[in-house]
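1. here is the input, now give the coordinates:
(chains A, B, C and D)
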2 protein chains.
Amino acid sequence: MNKKKELLLKIAKRLFTEYGVAEVSLRQIAAEVGISHSNLIYHFPSKNDLIIALHHQLMEKAIALNQQVKTASHPLEGLLQSTQIGFTILYEYRFLMIDLPHILRDNKILHNTFLDLEKLRADMYSIEIQKAVDQNLMRQELYQGEYTGFIEHIKIFSDAWIASSAIYDSPENNNIIEKYVKLFMGFFYPYLTDEGRSVFDEVYFQ
Amino acid sequence: MNKKKELLLKIAKRLFTEYGVAEVSLRQIAAEVGISHSNLIYHFPSKNDLIIALHHQLMEKAIALNQQVKTASHPLEGLLQSTQIGFTILYEYRFLMIDLPHILRDNKILHNTFLDLEKLRADMYSIEIQKAVDQNLMRQELYQGEYTGFIEHIKIFSDAWIASSAIYDSPENNNIIEKYVKLFMGFFYPYLTDEGRSVFDEVYFQ
DNA sequence: GTAAATTTAGGCCAAATGTACTAATTATTT
DNA sequence: AAATAATTAGTACATTTGGCCTAAATTTAC
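-> Residues are numbered from 1 along each chain as shown, chains lettered A, B, ... in the order given. Purely as a prediction, here's the structure:
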């Protein structure tokens, strides 16, 4: 990736975050960077190309950082670590999540990427929960399909917390990520066993 | 409310739902109705006025329908009923929730309305949960603030399920509302007492 | 050092949009 | 019936935006 392109993406990301994807034009971005409209188009022919490139950046960072988190002692610890990392990176690219339906509506490729990712996430959660059940950290299902529903809950939350934050949280608040990581982890608490709870408290409250 | 205005709102709602708020212009709406662009502007000077009027419709319907649900025998039954009603009405106006951040970004009035509504909802949930705890249908908190977090979970879900559905559900699926009402009710299950669970099963599975 | 490729800028165009103004038509009131 | 108010249509204008083409400038390759 070019230095120049990285600069363009950085500024595009800032403007998208500040004003929303729909409200920012290629001309505005070019003006902000200090280059001509044509020049920006030379590098990124359309707004969609910028968005795809930024999404690509996000994925690269997420993959790179998550490979550093493999030595968790418990499923719950790994979960907390990857949640913190994931939420932090995602927040940097929050314009994607804030305008997600709008972006995916006119971007079939990205939409399909999201559908694929959703399946991966569901599998990942499913495996982690199974591990936690096996280690007697989480209880058995109370009814058939309970954890399937639970996974739906946390998937929707993972997609939605940024948009929710954009609506309800004060922009001055600088504990946003911490707040939503905590809320996310709170999803698990009622499903934990007594043992799970003591492990959880230990991991989570240092 | 005028017959004419109602027609305009109906068609605007359809177009917003189908193509997204940002992608529909006043000229398109006018063309679809079969009136001149100027005429539409006479009734609704801007897109925002249409959105505010539609939101007003939504609130009127929600208030009217919820007044018919006062005779629930349990908090859980009332919760289920008002959830079903609320989700059904909201789904009719789903364009509002799908493009929510975008809409609220350039609509301070509606944004403040949402912030106020959020507080009302939180209080309502808080009261219902307290009732359920008092009636031994839901358990006590396991830790200080557990139900505060829980209310955050269900508020975010309530705001987000429509956008999530727009992204992940097949448009042919016609059990969408049922699916998300079920998911919503599933949030409560792990917090129920044994008694709460038997009541819940009875209410929910007829 | 020269040729080729890459990058950059400027201008032009067509389409769309919001806005405003005027005139005509229709409905309502008196 | 006449006057007044409400509704509707037409038009024109400024702005913005995405696309496209050409030429200049800069970098890279040979």
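2. all helices for chain A, in order.
-> Listed in chain order, the helices of chain A (DSSP state H) span A:3-19, A:26-33, A:37-43, A:47-66, A:75-92, A:94-98, A:100-105, A:108-134, A:146-168, A:176-186, A:194-204.
3. out of those helices, flag the one nearest residue B:122.
-> helix A:146-168 (10.5 Å; CB to CB). For the C-beta atoms, the positions are set from N, CA and C on the backbone; glycine is no exception.
4. now the closest one and helix A:176-186, what's the angle there?
-> Helix A:146-168 runs at 160 degrees relative to helix A:176-186, counting by axes from the mean of the first three to the mean of the last three CA atoms, to 10 degrees.
5. returning to that earlier point: so can I have CSV of the helices of chain A showing distance to chain B?
-> Shown next, in CSV, are these (distance: least, CB to the nearest CB, whole Å):
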stretch, distance to chain B
helix A:3-19, 8
helix A:26-33, 16
helix A:37-43, 22
helix A:47-66, 12
helix A:75-92, 14
helix A:94-98, 5
helix A:100-105, 5
helix A:108-134, 6
helix A:146-168, 3
helix A:176-186, 4
helix A:194-204, 8
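6. turn those helices into a markdown table, columns for mean neighbour count and mean pLDDT.
-> As requested, the helices of chain A are exported to a markdown table (neighbours: other CB atoms under 10 Å in any protein chain shown; pLDDT from 0 to 100):
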| stretch | mean neighbour count | mean pLDDT |
| --- | --- | --- |
| helix A:3-19 | 16 | 95 |
| helix A:26-33 | 17 | 96 |
| helix A:37-43 | 14 | 95 |
| helix A:47-66 | 16 | 92 |
| helix A:75-92 | 18 | 91 |
| helix A:94-98 | 22 | 96 |
| helix A:100-105 | 21 | 92 |
| helix A:108-134 | 14 | 93 |
| helix A:146-168 | 20 | 97 |
| helix A:176-186 | 18 | 96 |
| helix A:194-204 | 16 | 89 |
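7. which one of those helices lies nearest to residue B:53?
-> Among those, helix A:146-168 sits nearest to residue B:53 (CB to CB), with 20.9 Å.
8. which other helices and strands does the closest one contact?
-> Using 3 or more CB pairs under 8 Å, 6 or more residues apart in numbering or on different chains; DSSP states H and E, the elements in contact with helix A:146-168 are helix A:75-92, helix A:94-98, helix A:108-134, helix A:176-186, helix B:100-105, helix B:108-134, helix B:146-168, helix B:176-186.
9. quick one: contacts for the spatially most central residue of chain A?
-> Nearest to the geometric centre of chain A sits residue A:90, at 3.9 Å (CA atoms, centre = their mean). Residue A:90 makes contact with A:58, A:62, A:96-97, A:162, according to CB atoms under 8 Å, 6 or more residues apart in numbering or on different chains.
10. which residue does chain A bring closest to DNA strand D?
-> Residue of chain A nearest DNA strand D, by CB to the nearest atom of the strand: residue A:25 (3.4 Å).
11. contact partners for residue A:12?
-> By CB under 8 Å, 6+ apart, the residues touching residue A:12 are A:24, A:29, A:44, A:50, A:54.
12. how near is it to residue A:53?
-> Computed as CB to CB, to the nearest Å, the residue A:12 to residue A:53 distance reads 9 Å.
13. shared neighbours of these two, anything?
-> Here residue A:12 and residue A:53 have residue A:44 as joint contacts, going by CB under 8 Å, 6+ apart.
14. domains of chain A?
-> A:1-45, A:50-204 (automatic domain parsing).
15. will you turn the helices and strands packed on helix A:146-168 into TSV that also has distance to residue A:152?
-> Output for those, formatted as TSV (distance: least, CB to CB, whole Å):
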stretch	distance to residue A:152
helix A:75-92	17
helix A:94-98	18
helix A:108-134	8
helix A:176-186	14
helix B:100-105	20
helix B:108-134	20
helix B:146-168	9
helix B:176-186	6
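16. please list the residues of chain A that sit near DNA strand D.
-> Counting by CB under 7 Å from any atom of the strand, chain A comes close to DNA strand D at A:25-28, A:37-38, A:41, A:45-47.
17. now with 10 Å?
-> A:22-31, A:36-42, A:44-49 (CB under 10 Å from any atom of the strand).
18. okay, residue A:169: pLDDT?
-> According to the prediction, residue A:169 has pLDDT 94.
19. now it: phi and psi?
-> Dihedral pair for residue A:169: phi -80, psi 140, per degrees, to the nearest 10.
20. reformat the helices of chain A as CSV; add distance to DNA strand C.
-> Output for the helices of chain A, formatted as CSV (distance: least, CB to the nearest atom of the strand, whole Å):
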stretch, distance to DNA strand C
helix A:3-19, 5
helix A:26-33, 7
helix A:37-43, 3
helix A:47-66, 14
helix A:75-92, 25
helix A:94-98, 21
helix A:100-105, 15
helix A:108-134, 21
helix A:146-168, 23
helix A:176-186, 32
helix A:194-204, 48
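21. how close does the closest residue to residue A:41 other than its chain neighbours sit to residue A:104?
-> Leaving aside its sequence neighbours, residue A:41 sits nearest to residue A:26 (CB to CB, 6 or more residues apart in numbering or on different chains; 6.5 Å). Separation of residue A:26 from residue A:104 (CB to CB) stands at 20 Å.
22. before I go, just wanted to say thanks for your time.
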